[in-house]
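J.: No letters, just coordinates:
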């Protein structure tokens, strides 16, 4: 399954929408996504499962790059 993760790069700062970034990650569950990203100092805001039309839409975007972790 592919997940889209919305995050702030620094977990010690107050989240600001303009600074929110996203990445795409393949994992079996949301727990596995968090496990893979625990080494990074990210403030994870939201993890969204992408499937069906949502996945097709995101894959059509030029920003779609699957992270290799």
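T.: That came in fine, so what should we check first? On a predicted model such as this, the values are computed, not experimentally measured, just so you know.

J.: ok now the helix or strand of the chain with the lowest mean pLDDT, how far from the chain's centre?
T.: Sorting the helices and strands of the chain by mean pLDDT, DSSP states H and E puts strand 66-67 at the bottom, at a mean of 92. How far strand 66-67 lies from its chain's middle: 9 Å, per Cα atoms, centre = their mean, to the nearest Å.

J.: So which residues lie in contact with it, not counting its own?
T.: With Cβ atoms under 8 Å, 6 or more residues apart in numbering as the test, strand 66-67 has contacts from 2, 23, 24, 25, 26. Placement of C-beta: from N, CA and C, glycine included.

J.: so how far is stretch 6-15 from its chain's centroid?
T.: So, by Cα atoms, centre = their mean, the centroid of stretch 6-15 is 13 Å from its chain's centroid.

J.: List of residues touching that stretch?
T.: 16, 19-23, 37, 41-48.

J.: Please point out which parts of it sit buried.
T.: 6, 7, 8 (16 or more other Cβ atoms under 10 Å).

J.: how about the strands in the chain?
T.: Per DSSP state E, the chain carries strands over the ranges 2-8, 21-26, 43-50, 66-67.

J.: need those in CSV with distance to residue 59, can you?
T.: Formatted as CSV, the strands of the chain follow (distance: least, Cβ to Cβ, whole Å):
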stretch, distance to residue 59
strand 2-8, 9
strand 21-26, 9
strand 43-50, 8
strand 66-67, 9
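
J.: Point out the most buried one among these.
T.: By mean neighbour count, with neighbours taken as mean count of other Cβ atoms under 10 Å, strand 2-8 ranks first of the strands of the chain at a mean of 19.

J.: That one pairs with which strands?
T.: Sheet pairing of strand 2-8 (DSSP bridges) gives strand 21-26 (antiparallel), strand 43-50 (antiparallel).

J.: what about the last one, distance to the chain center?
T.: To tie it back to what came earlier, the one meant is strand 43-50. With Cα atoms, centre = their mean, you get 5 Å for strand 43-50.

J.: same deal with stretch 30-42?
T.: 10 Å.

J.: out of the strands paired with strand 2-8, nearest to residue 63?
T.: strand 21-26 (8.0 Å; Cβ to Cβ).
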